[in-house]
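J.: Sharing a sequence plus its predicted fold:
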Amino acid sequence: MIQIRGLSKSFDGVPVLRGVDLDVPEGEVTCIIGRSGSGKSVLLRHVIGLVRPDAGRVVIDGAPLDELTYSELRRVRRRFGVLFQGGALFDSMSARENVEFPLRTFTDLTRDQVRQRADECLALVELPDAGAKKPAELSGGQQKRVALARAIAVEPKYILYDEPTSGLDPETSNTIDELIERLGATMGTTSVVVTHDMHSVLSIADRIAFVHDGTIPWTGTVADLHQATDPTLLAFVRANEYKIGTPSQTA
Amino acid sequence: METTPDIDPSLGARVRAGFAPLWRVPAGLLEGFGAYCLLLAGAFNLPRDLSPRLYARNLAEQMVQVGIDSIPIVSLATAFSGGVVVVQAIYQLENPLLPVTIVGTFAEQSILLELGTLVTAFVLCGRVGARIAAELGTMRVKEQIDALEAMGLNSRSYLVVPRVVAGVLMFPMLYVVAASVGMAVGGVVAELSGALTVQTFWEGARLFFRPYDVFFGLVKSLVFGFVITSIACYTGYRAEGGAEGVGQATTRAAVLGCVWVLFADYLCAAILL
């Protein structure tokens, strides 16, 4: 379980997070929504210790990240798969090599097993023929899907998604959403999805956390969202052209 | 009634701000040196939970890129240096009382002790240092280093160690290539000049040859290899701010590399000669 307690962070004196509290239950999809610049991605980076908080702590499966040594932190990170906003594929490797990289590095699989698993993951993201291509030869959306294949390759316990559907066409976005749901259902993967795509949120979220101005003023389920009265949340959701009470229906 | 002294409350801040430029530069240099040391310490504290094969594969790639791929440009640079040394030696040593063999001696001393290492180092500051800084800087701004960290890898070890070790191992090899090419071209230029034969040139080169000169050149090239690659890794690893940041990191790698090579050159001469 991921527990975030009193997390605060400032950059150059500008507060980005102000005492954020959040619990991410195991096996569920938690969507973190909010406007651009509200601190969603910074919050996500705190979860795997890529950013040190000014105050507060992140606890992963009972282990507070701030009390871990660097090698312990690296071991905790291996329970995670991370899909970065830009994909963060390694330019020098082909798509297949990118997917194979964590398998070769952290598992004892044979070369054939690594290759087979990489092909499986590429097929899951509907890019079975992209293995030989370098990231520069792929479109932005394809890069993101290869990055997702890399993130799920080692079957991590947690997967963090930073804007997984931004820049993707609606059909591919649906594929990614289905994949996120399927990973939770079949493997019990816990997913944290940072997004402002309300279509995705309404179709995949078990829980929603709304980040506003460095705080989380509202958390709840999709059903709770339809009863929400928080004016900033309502303004955000309505700005996405969704009407509370009629989920998955555009205005 | 008690009165408070009429002191401008912002005076202290203004004084501190006035003196700030005086300490900002040394403080920045100190901070940079500390960060450089921490990066190397963190990098060479190799994780024991990962297979050495991971580093070996990366090291082999870097040895090719740093060493083998640099042979043509290093050969070209030192070929011209060797030729120029011989031409200048012939020009300056026109005194009939001096034996022409001294041209070979002069070339051998210049190339083995200084030019073979320094010209190679300057060429590699541009070729290797800039490439490493640009590569790591791009990885930094495109979140690829974060991706390595997020996977549970020690990105410093994975990225810095193979590049620095490749530099330390391959620069001495490049020095041997550079010195050999420089001397060979020097001999050819001597022959073509008509002032002395190639045999006389090599006779002069052997006359005052000391194996210690080669040892000195090898040690210097090893030090230069470490300086150039480690500085490039440092500037690239700390790049920030997109394409502009990568450009700055690349420039700093080349400039700082050259400056610290000169400093290391002096230190090596002062200590070893």
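T.: Right, received. Where do you want to start?
J.: Could you point out the helix or strand that follows whatever helix or strand B:Phe171 lives in?
T.: Here B:Phe171 sits within helix B:155-193, counting by DSSP states H and E. Beyond helix B:155-193 in the direction of the C-terminus, DSSP H and E gives the next helix or strand as helix B:198-207.
J.: who does that next one touch, helix- and strand-wise?
T.: Counting contacts by 3 or more CB pairs under 8 Å, 6 or more residues apart in numbering or on different chains; DSSP states H and E, helix B:198-207 packs against helix B:101-110, helix B:155-193. Backbone N, C-alpha and C define where each C-beta goes, glycine included.
J.: weakest of those helices in terms of mean pLDDT?
T.: For these, mean pLDDT drops lowest on helix B:101-110, to a mean of 91.
J.: So which of the helices and strands packed on helix B:198-207 is nearest chain A?
T.: helix B:155-193 (9.0 Å; CB to the nearest CB).
J.: Next, the buried residues of that closest one.
T.: B:155-175, B:177-179, B:181-183, B:185-191, B:193 (16 or more other CB atoms under 10 Å in any protein chain shown).
J.: again, but for stretch A:62-74
T.: Buried residues in stretch A:62-74, counted by 16+ other CB under 10 Å: A:65, A:73-74.
J.: Spatially central residue for the chain, please.
T.: You didn't pick a chain, so chain A it is. Nearest to the mean C-alpha position of chain A, counting by CA atoms, centre = their mean, stands A:Tyr161 at 1.6 Å.
J.: try again with chain B
T.: B:Ile228 (3.1 Å).
J.: Which secondary structure element is home to that residue?
T.: Under the criterion of DSSP H and E, B:Ile228 resides in helix B:211-237.
J.: Report the rounded mean pLDDT for that helix.
T.: Per-residue scores along helix B:211-237 average to 95.
J.: Would that helix count as contacting chain A?
T.: No: using CB under 8 Å from any CB of the partner chain, helix B:211-237 never reaches chain A; the gap is at least 13.8 Å.
J.: The helix or strand following that helix and chain A, any residue contact?
T.: Note on helix B:211-237: by DSSP H and E, the next helix or strand toward the C-terminus is helix B:242-272. No: Helix B:242-272 lies out of reach of chain A by CB under 8 Å from any CB, never closer than 11.5 Å.
J.: list the buried ones in helix B:242-272?
T.: Buried residues in helix B:242-272 (16+ other CB under 10 Å): B:245-246, B:248-250, B:252-254, B:256-258, B:260-261, B:264-265, B:268.
J.: Same question for stretch B:51-69.
T.: In stretch B:51-69, counting by 16+ other CB under 10 Å, buried: B:54-55, B:58-59, B:62-63, B:65-67.
J.: State the three-state secondary structure for the residue in the stretch 151-251 of chain A that chain B sits nearest to.
T.: Of all residues in the stretch 151-251 of chain A, A:Leu160 sits closest to chain B, at 8.0 Å by CB to the nearest CB. Following DSSP: H, G, I helix; E, B strand; the rest coil, A:Leu160 is assigned to strand.
J.: for A:Leu168, same thing?
T.: With three-state DSSP as the basis, A:Leu168 sits in coil.
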